[in-house]
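Colleague: Take this sequence and fold it.
(2 chains)
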Amino acid sequence: MSDTYNIDPTEEPEGEPLGPLTLPLDAWHRARGGRMVDFAGYRMPVQFEGIIAEHLWTRSSAGFFDVSHMGQLYVSGEGVEAALEAVLPIDLSTLPVGGVRYSLLLNETGGILDDLMVTRWGTGFYLVVNGATKRDDIAHLREFLPDEVTLNHLDDTALFAVQGPKAAETLDALVTGDQPLSSLTFMRGAAFKLGGFDAWISRSGYTGEDGFEISVPAEHAAEIADLICAQPEMKPIGLGARDSLRLEAGLPLYGHDMTETVDPVSANLLFGINKRRRSEGGFPGAEQILPLIANGAETRRVGLLIEGRMAAREGAKVLIGETEVGTVTSGGFSPSLERPIAMAFVATAHAAPGTSLSIDVRGRKLAATVTPMPFVPHRYHRKGAA
Amino acid sequence: MTRYFTKDHEWIAVEGSEATVGITHYAQSQLGDITFVEVPAVDATVAKGDSASVVDSVKAASDVYAPVSGTVTVVNGALEDQPELVNSDAEGDGWLWKMTLSDPAELAGLMDEAAYQTFVTEL
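Modeller: Numbering: from 1, shown residues only, chains lettered A, B, ... in the order given. The predicted structure is shown next:
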């Protein structure tokens, strides 16, 4: 047998002849039985005890994710706010200190170079970008940001996520700060001490669960990971479950559900283009994107519930009868729903929820229905919610 | 009954001209949680090396190749509801199909258990 249809998780940065690099927790993962694979140019754990078990543990308790491959950047200097608004379709005027906002790095034709999180720190902005794209992102930002604005790659920091219904109570016991951890609502962050070490913690993540992302000094990464995972509610979770969790949450993955040739309207990511920017424009690709916002795009990213047990994966064709109307961009077995689910780009005429489609998987036609996302409800701790 | 192994991590247990085929314990451990198994059709004729079955895990779909040529006689119906049998008992209850051999001489090219264990250790 062989992994003929495997979606190769390797996404080596282009022009990097080096082999995969190691992250601060490399030995830590291996000591806990993590099965290491190449991902985004790094050796990373795809699973520990098993993807389904790790996935369900995160949904019912709390999971610890090492996402140190992601790029942590700090952008500061005179005029930084206007400079960032010139490269991102973000409205920073409404982002308070400690506020976190999702945004998109766009090219001049409206394609998506990356998706990212932007946080206002005192005088500058903290950006978290994808691991596989971070070198290109840094080059792009350095090219388009003015000389007065400085971009620092915080490559001496590690990044963790703790996610799940027990994440808040578990982490709260380990953290001290000027404000209680519980005062953070979804997409808000603050500085804390975690095990005595400096930690920037935001209430955010990519699983659909309540949870936190934690930036810590790389030199203390293993001690902090030990401290978090010593809690009985917490287990380390690999990349495999991270992928199935984000798929159930309807969250797109860069390089799969969005690429340089996909615009934010088709990708159903308009929330990454803030309201003021939609009316004012003035961001890369605005000339292409604003008409799409007004008139609609030809295709749309949708969720598909698939009948049976066979999964449809990236690249599978979506059909109505014998007519091709789209392509699967992410797909797999949903451990929570115990059935296959997928994201696909389909012609807008066939993108309405309830539309019956089929997916060609190795010559077999799987019945599928367009369904609203998320597939599994989000459980974010939003401001104003009980 | 003699059990043979392939470099593609299938096993085949042979008794006379009848045989049972599955994937190895090593293979299931590499695939992780198995969520679906597409077994061949009964009476299908398979040639050595043909993709005869597909094992779907959370991570990926993988072809299972026929270790030798022959005709499928029975498929493991239990896998329809319990594909995880391939994880829990890959070389027992998680068998995929039974077949009659059309050319038993093909078995000579396969590994015995000791050779397969050595092969896996060196991967």
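Colleague: Which positions in chain B make contact with chain A?
Modeller: B:8-10, B:23, B:27, B:32-33, B:35-36, B:38, B:51, B:54-56, B:58-65, B:83 (Cβ under 8 Å from any Cβ of the partner chain). In short, each C-beta sits where N, CA and C put it, glycine included.
Colleague: do that again at 10 Å, thanks
Modeller: Within chain B, the positions near chain A by Cβ under 10 Å from any Cβ of the partner chain are B:6-10, B:23-24, B:27, B:29-38, B:51-65, B:79-81, B:83-84, B:87.
Colleague: And the buried ones among the residues you listed, selectable in ChimeraX?
Modeller: Typed into ChimeraX, the line below selects the buried ones among the residues of chain B next to chain A, using 16 or more other Cβ atoms under 10 Å in any protein chain shown:
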select /B:6,8,9,10,23,24,27,30,31,32,33,34,35,36,37,38,51,52,53,54,55,56,57,58,59,60,61,62,63,64,65,79,83,84,87
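Colleague: So which of the residues of chain B next to chain A belong to strands?
Modeller: Judged by DSSP state E, these include B:10, B:23, B:34-38, B:51-57, B:61-65 as members of strands.
Colleague: Longest strand in chain A, please.
Modeller: Counting residues, the longest strand found in chain A (DSSP E) is strand A:323-334.
Colleague: Give me the distance from that one to the chain's centre.
Modeller: Relative to the chain's own centre, strand A:323-334 is displaced by 19 Å; criterion: Cα atoms, centre = their mean, to the nearest Å.
Colleague: how about it: buried residues?
Modeller: Under the neighbour-count criterion of 16+ other Cβ under 10 Å, strand A:323-334 has A:Val325, A:Gly326, A:Val328, A:Thr329, A:Ser330, A:Gly331, A:Gly332, A:Phe333, A:Ser334 buried.
Colleague: which ones among these come in contact with chain B?
Modeller: Near chain B, by the rule Cβ under 10 Å from any Cβ, you find A:Gly332, A:Phe333, A:Ser334 out of those.
Colleague: closest to chain B among these?
Modeller: A:Phe333 (4.1 Å; Cβ to the nearest Cβ).
Colleague: Surely that closest one touches A:Ala311?
Modeller: Yes - the pair A:Phe333 and A:Ala311 qualifies as a contact (Cβ atoms under 10 Å) at a distance of 5.2 Å.
Colleague: So the residue nearest to A:Arg364 when sequence neighbours are not counted, which state does it fall into?
Modeller: Leaving aside its chain neighbours, A:Arg364 sits nearest to A:Met310 (7.1 Å; criterion: Cβ to Cβ, 6 or more residues apart in numbering or on different chains). Using DSSP: H, G, I helix; E, B strand; the rest coil, the three-state assignment for A:Met310 comes out as coil.
Colleague: List phi and psi for the closest residue to A:Gly164 other than its chain neighbours.
Modeller: Distance criterion Cβ to Cβ, 6+ apart; nearest residue to A:Gly164, sequence neighbours excluded, is A:Ala62 at 3.8 Å. Torsion angles at A:Ala62 (phi, psi; degrees, to the nearest 10) stand at phi -160, psi 140.
Colleague: beta partners for A:Ala62?
Modeller: A:Met234 (DSSP bridges).
Colleague: quick one, helices of the chain?
Modeller: Since you didn't name a chain, this refers to chain A. For chain A, helices defined by DSSP state H occupy the ranges A:26-31, A:51-60, A:80-87, A:134-144, A:167-172, A:221-229, A:239-248, A:275-280, A:286-295.
Colleague: wait, I meant chain B there
Modeller: Under DSSP H, chain B gives helices at B:25-31, B:85-88, B:113-121.
Colleague: where's stretch B:113-123 relative to the chain centroid, distance-wise?
Modeller: Chain-centre distance of stretch B:113-123: 17 Å, with Cα atoms, centre = their mean.
Colleague: What of stretch A:116-136?
Modeller: Relative to its parent chain, stretch A:116-136 has a centroid offset of 12 Å by Cα atoms, centre = their mean.
Colleague: Leaving aside the residues adjacent along the chain, what's closest to the residue most central in space within chain B?
Modeller: Centroid-nearest residue in chain B: B:Gly22, 2.4 Å away (criterion: Cα atoms, centre = their mean). Leaving out its chain neighbours, the residue that sits closest to B:Gly22 by Cβ to Cβ, 6+ apart is B:Trp95, at 4.3 Å.
Colleague: So the one you found is in contact with B:Val86, correct?
Modeller: Yes - with contact defined as Cβ under 10 Å, B:Trp95 and B:Val86 form a contacting pair (8.8 Å).
Colleague: Those two - which one has more neighbours?
Modeller: Neighbours were counted for B:Trp95 and for B:Val86 using other Cβ atoms under 10 Å in any protein chain shown; B:Val86 has more, 27 against 24.
Colleague: so what's that one up against?
Modeller: Contacts for B:Val86 were tallied using Cβ atoms under 10 Å, 6 or more residues apart in numbering or on different chains; they are B:22-23, B:25, B:27-28, B:31, B:33-34, B:37, B:55, B:57, B:64, B:76, B:79, B:93-96.
Colleague: With B:Pro104 instead?
Modeller: B:Val14, B:Gly16, B:Ser17, B:Ala19, B:Val68, B:Ser69, B:Gly70.
Colleague: which ones among those residues are found in strands?
Modeller: Secondary structure defined by DSSP E assigns B:Val14, B:Ala19, B:Gly70 of the contacts of B:Pro104 to strands.
Colleague: how far away is the closest residue to the first one other than its chain neighbours from chain A?
Modeller: It stands for B:Val14. With Cβ to Cβ, 6+ apart as the criterion, B:Val14 has its nearest non-adjacent residue at 5.2 Å, and that residue is B:Thr2. Here B:Thr2 is placed at a distance of 21 Å from chain A (Cβ to the nearest Cβ, to the nearest Å).
Colleague: surely B:Thr2 meets B:Asp112?
Modeller: Yes - counting by Cβ under 10 Å, B:Thr2 touches B:Asp112, with 8.0 Å between them.
Colleague: ok, back up a step: next, show the common contact partners of A:Phe333 and A:Ala311.
Modeller: When contacts are counted by Cβ under 10 Å, 6+ apart, A:Phe333 and A:Ala311 have A:Arg339, A:Pro340, A:Ile341, B:Thr35, B:Phe36, B:Asp56, B:Ser57, B:Val58, B:Lys59 as shared neighbours.
Colleague: how near is the second one to chain B?
Modeller: In this structure, A:Pro340 and chain B are 8 Å apart, going by Cβ to the nearest Cβ.
Colleague: Give me the neighbour count for that residue.
Modeller: 26.
Colleague: does it really touch A:Ser330, like I thought?
Modeller: No - A:Pro340 lies out of contact with A:Ser330 (Cβ under 10 Å); the separation is 11.4 Å.
Colleague: Name the residues contacting each of those two.
Modeller: A:Ala312, A:Arg313.
Colleague: burial count for A:Ala199?
Modeller: 24.
Colleague: So it is in contact with A:Val216, correct?
Modeller: Yes - taking contacts as Cβ under 10 Å, A:Ala199 lies within contact range of A:Val216: 5.0 Å.
Colleague: if I look at the two, which residues touch both of them?
Modeller: A:Thr157, A:Phe160, A:Ile224.
Colleague: Give me the pLDDT for the closest residue to the last one other than its chain neighbours.
Modeller: Right, the one you point to is A:Ile224. Spatial nearest neighbour of A:Ile224, excluding adjacent residues (Cβ to Cβ, 6+ apart): A:Val216 at 5.1 Å. Per-residue pLDDT puts A:Val216 at 98.
Colleague: Ok, A:Glu16 next?
Modeller: Listed pLDDT for A:Glu16 reads 49.
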